[in-house]
Every structure is written in structure tokens, then in C-alpha cells.
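Novice: what shape does this take:
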Amino acid sequence: MTQTPGVTAPAYDLSQPLDIDFAGAFADATEEERAHQLKVRAFVQDEVLPVISDHWERYEVPMDLVKRLAELDLLRDGVDVPGLPKVSPLAEGLAAMEMSRGDGSVATICGVQGGLALQSIVMLGSDEQIEKYAGPMARGEILGAFGLTEPTHGSDSVALETTAVAATRDGVEGYVINGEKKWIGLGSIGHITVVWARGEDGQVHGYIVPQDTPGYEATTIEGKVALRAIHQAHIVLNDVFVPAENLLPGARTFKDTGRVLFATRLAVAWSAVGHAIACYEAAVAYAKQRTQFGRPLAASQMVQERLTQMLSVLTQLQLLVKQLTRLAEAGQLSGPQASMAKYSCTRGARQIAQIARDMLGGNGILLENRVARHFVDIEALHTYEGTESMQALIIGRDITGMSAFA
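Specialist: Next comes the predicted model:
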């Protein structure tokens, strides 16, 4: 804590990492995995935290940080790209945790670019598509979006109404796409969007759509109170033509779309843990630095009980994501288990953020003190990649053997 001469209000330093792992959940991480984690932490400490509140408040995408993410090989979100080193699931989980500890918008940029757009092409694309896009996307030369959610189809995205019809224009065979998409990260400021549309066979397919294609109109959504340093778009597709070579050959049904989403669900859980760590760190630092009634808050029994409650929840979340990541490494992670990770971690992060916000009192709503920004970003994280209700229905179906989707 510092005191500016002539100013009575102290300034609190709430940004220092505590390297929290109370139960030793990550003690068996390899040197390479730990080095990857610490590389992200250094980036967060040195480059994200000093500037992100300004970007967040001004509602602007930190393109300089996007460039640095690419230079540090962090933009691909752990997706395997030919010619680049492989990143283990645990290393990428730790990276997602550290990135979200810094800022939810920056973490979401990585998730959209790498975990969704790049992942779709690498997982479902042709060799030619992978060669054309994977390297440039990893290097940040091409920014990609993932166009699934529609204005009237969020949780029931399987019922999407965007259509793709075979057509020929100027002698080129391809598809004409019509429809709308909403909440599409990087959809108005990127280069390509992987658009999911229903083909003439009634199945959902994926198409690589350059954002400068005639008929592709994207408007940045205004008025967000969360994730303010990443732009999300409302996209209108009006007779957008793409050549046949832009069809992802591995995207034959919505089950293939689900494969991409399944691959990212655990990463969302790791991100929730990162947000929770940020809030806990801020609460611990504030409790030690803030003096009330002649002593630090940390000397209060009530405050110590609250910190213990937060650490208890955080430790449970860390153990959960670590165990499920090990299952993922072994190819044994099930859909309901991935849903349990997302369901539990975003709920737990909300709880920790709520306690931290209350502990900081009025200072808890200031962007400079971290907690308020993470508080609202957790609310967005709690919704995207499948709401709490949808995750509960997936888990409930596994418990009972009966589907309650209706």
C-alpha cells in the first residue's frame, strides 16, 4: 500500500500473484508445463495488468496484446498446428487459468481464435484448408471467429436457422448462405468466420467465410457490462457466396460442431478457476493492507473465515479441473464430466467473486482493484459455452438415463 503526499486515500497493490495450490493439485506438472504457465503469468503481469483496465473502460480490443499473444505462441490456445510445438492439456489448462487471472477478454480472444475458429479448421478441415489457415492464424496474421449462436438460438443452437444452398456464380461452384448470427467474438474485426449453417440435406455444416465477402454485414454489439475488451458481433448473412473449397469436409452434422465445443468446455472451466484466483488474490492483499478500527482487516476473525471459505472452494475447483484434464489426456473424458467441470467451476468462481467484492467494500467496484472486472466477466463465462441449465440437463441425463431437454 502506498500513500500519495497530500492525498488521504491509500493506493492498494492487489495484483501480485500468490501461486495458489493449497492441495498440491499441480505438483506433478512437468518442467515444460510449469514453464508454459509461468510464461503466461509473466505476460499477464508485465503486459496485461498495467493496461487492461483502460482498454476495458474504453470498450476497445487491445490489438497490441493480440500481437504479443501471437509472438509468444499463445494465440492458438494449445491447438496442434503443424510446425509448432505440442502443448499438453495440463499446460494449456494452466495457461488458460493464468490468462483469465489477468483478464477475461484477453482469455476469450485466445479461446475464440484458437479453441473455436482454429480448432474447427484443424479438426474438421481439409489438408489444404489447414495448410492455408492454421499457420497464419497461430501467428495472428488471420483472425478468426466462430459463427454458431443466432439471435433466437442460443442454448438450442442445434436448431439454427441459417441456411446454405448449393449454387454456381460466375462458373464457380459453391454455396449461398443466408441467416443471422449473434454474440460472435471477433466477428466484426477479424478476417474469417467459421459459419455453421443447415445444408440442403438438413444437416449442419461448417463454412469458412471471409468477413469482406459481399453480403456479410457485422455490427459490433454495444452496451456490454462484461468482456468489454473483446468485440462481439451481430452478423447478417445476405446471399453470401463462398466457393465449394470453403466447406469444412469433416463438418457433416451438428455432432461435429459438438466435437469442437466439447474440446473447449474444459478450457472454460480452467478460465473460471483463473478468475477465482484473481478475486482471491485481491481479497488476501486487501485484507493485509486495509486498516480499519486500528488493525488490518486480516486480523479479524470474520475476514479470516471468509478467506478460508474462498480458499476451500478454490482448492476444490483446482482438484476437479486437474483430475478431469488427466482424463482428457488419456482420452477418457466424457461429455457429462466436461459439463460438470464447467458447471462447478463457474458456480464456484461466482461465489468467490461475490465474497471478494463484499470484502473490498466500496473499493470493490473500482476497476483498478481487479475484482469488479472479474466479477462481471465471470457472469459472461457462466453463460457462454453452454449455460448452467444446459450443463445441468446434460449431467442430469447421465444420472437418470432420461432426457429432460424440452
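Novice: I'd assumed residue 207 was in a strand, is it?
Specialist: Yes: using DSSP: H, G, I helix; E, B strand; the rest coil, the secondary structure at residue 207 is a strand.
Novice: over to the residue nearest to it when sequence neighbours are not counted. Which of the three states is it?
Specialist: Distances taken as C-beta to C-beta, 6 or more residues apart in numbering put residue 195 closest to residue 207, at 5.0 Å, once the chain neighbours are dropped. The C-beta positions use only the backbone N, C-alpha and C, and glycine is treated the same way. Using three-state DSSP, the structure places residue 195 in strand.
Novice: what bridges to residue 195?
Specialist: In this entry, residue 195 is beta-bridged to residue 147, residue 207, by DSSP bridges.
Novice: look up the closest residue to the most centrally placed residue in the chain, ignoring the ones flanking it.
Specialist: For the chain, the residue nearest the mean C-alpha position is residue 108 (3.6 Å; C-alpha atoms, centre = their mean). Excluding its sequence neighbours, the residue lying closest to residue 108 (C-beta to C-beta, 6+ apart) is residue 230, at 5.1 Å.
Novice: how far away is that neighbour from residue 188?
Specialist: Distance from residue 230 to residue 188, counting by C-beta to C-beta, to the nearest Å: 11 Å.
Novice: okay, those two: which has more neighbours?
Specialist: residue 230 (25 against 21; other C-beta atoms under 10 Å).
Novice: hang on, the more buried one packs against residue 112?
Specialist: Yes: the pair residue 230 / residue 112 is scored as a contact, 7.5 Å apart, by C-beta atoms under 8 Å.
Novice: okay, and the common contacts of these two?
Specialist: 185, 186 (C-beta atoms under 8 Å, 6 or more residues apart in numbering).
Novice: wait, what's in contact with residue 67?
Specialist: Counted by C-beta under 8 Å, 6+ apart, residue 67 has contacts residue 140.
Novice: for the strand or helix carrying it, what does the pLDDT average out to?
Specialist: Using DSSP states H and E, residue 67 sits in helix 63-71. Averaged across helix 63-71, pLDDT comes to 96.
Novice: same question, stretch 275-291
Specialist: 96.
Novice: counting contacts, what elements does the helix or strand harbouring the residue nearest to the centre of the chain pack onto?
Specialist: Per DSSP H and E: residue 108 is located in helix 104-110. Judged by 3 or more C-beta pairs under 8 Å, 6 or more residues apart in numbering; DSSP states H and E, the packing partners of helix 104-110 are helix 52-58, helix 63-71, helix 89-102, helix 254-289, helix 371-383.
Novice: could you export the first one as CSV, CA atoms only?
Specialist: Pointing back at helix 52-58 there. Listed next in CSV are the C-alpha coordinates belonging to helix 52-58 (Å, rounded to 0.1, in the frame of the first residue of the first chain):
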residue,chain,number,x,y,z
ILE,A,52,-6.2,-3.8,-19.4
SER,A,53,-8.5,-1.6,-17.2
ASP,A,54,-8.1,1.3,-19.7
HIS,A,55,-8.9,-0.9,-22.6
TRP,A,56,-11.8,-2.4,-20.7
GLU,A,57,-13.2,1.0,-19.7
ARG,A,58,-12.8,2.4,-23.3
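Novice: pull out the buried residues from it.
Specialist: Of all the residues in helix 52-58, those buried under the rule 16 or more other C-beta atoms under 10 Å are 52, 53, 55, 56.
Novice: which two of these have the greatest separation?
Specialist: Distance extremes for the buried residues of helix 52-58: the farthest pair is 53 and 55 at 7.5 Å, using C-beta to C-beta.
Novice: contact partners for residue 360?
Specialist: The neighbours of residue 360, taking C-beta under 8 Å, 6+ apart as the test, are 282, 283, 286, 369, 371.
Novice: same check, this time on residue 281
Specialist: 14, 15, 16, 17, 18, 20, 101, 370.
Novice: give me the number of residues near the nearest residue to the third one once chain neighbours are set aside?
Specialist: By that I understand residue 16. Leaving out its chain neighbours, the residue that sits closest to residue 16 by C-beta to C-beta, 6+ apart is residue 285, at 6.6 Å. Here the count is done by other C-beta under 10 Å, and residue 285 has 20 residues near it.
Novice: and residue 285, what does it touch?
Specialist: Applying C-beta under 8 Å, 6+ apart, the residues near residue 285 are 12, 13, 14, 16.
Novice: just the buried ones among the residues you listed, please.
Specialist: Buried among those (16+ other C-beta under 10 Å): 12, 14.
Novice: nearest to residue 90 among the contacts of residue 285?
Specialist: Checking the contacts of residue 285 against residue 90 with C-beta to C-beta, the nearest one is residue 16 at 24.3 Å.
Novice: hmm, back to that, ok, the residue nearest to the centre of the chain to residue 146 distance?
Specialist: Per C-beta to C-beta, residue 108 is found 11 Å from residue 146.
Novice: what is in contact with these two at once?
Specialist: In terms of C-beta under 8 Å, 6+ apart, residue 108 and residue 146 are both contacted by the residues residue 185.
Novice: could you point out which residue ranges in the stretch 301-406 of the chain have low pLDDT?
Specialist: Counting by pLDDT under 70, the stretch 301-406 of the chain shows low-confidence ranges at 406.
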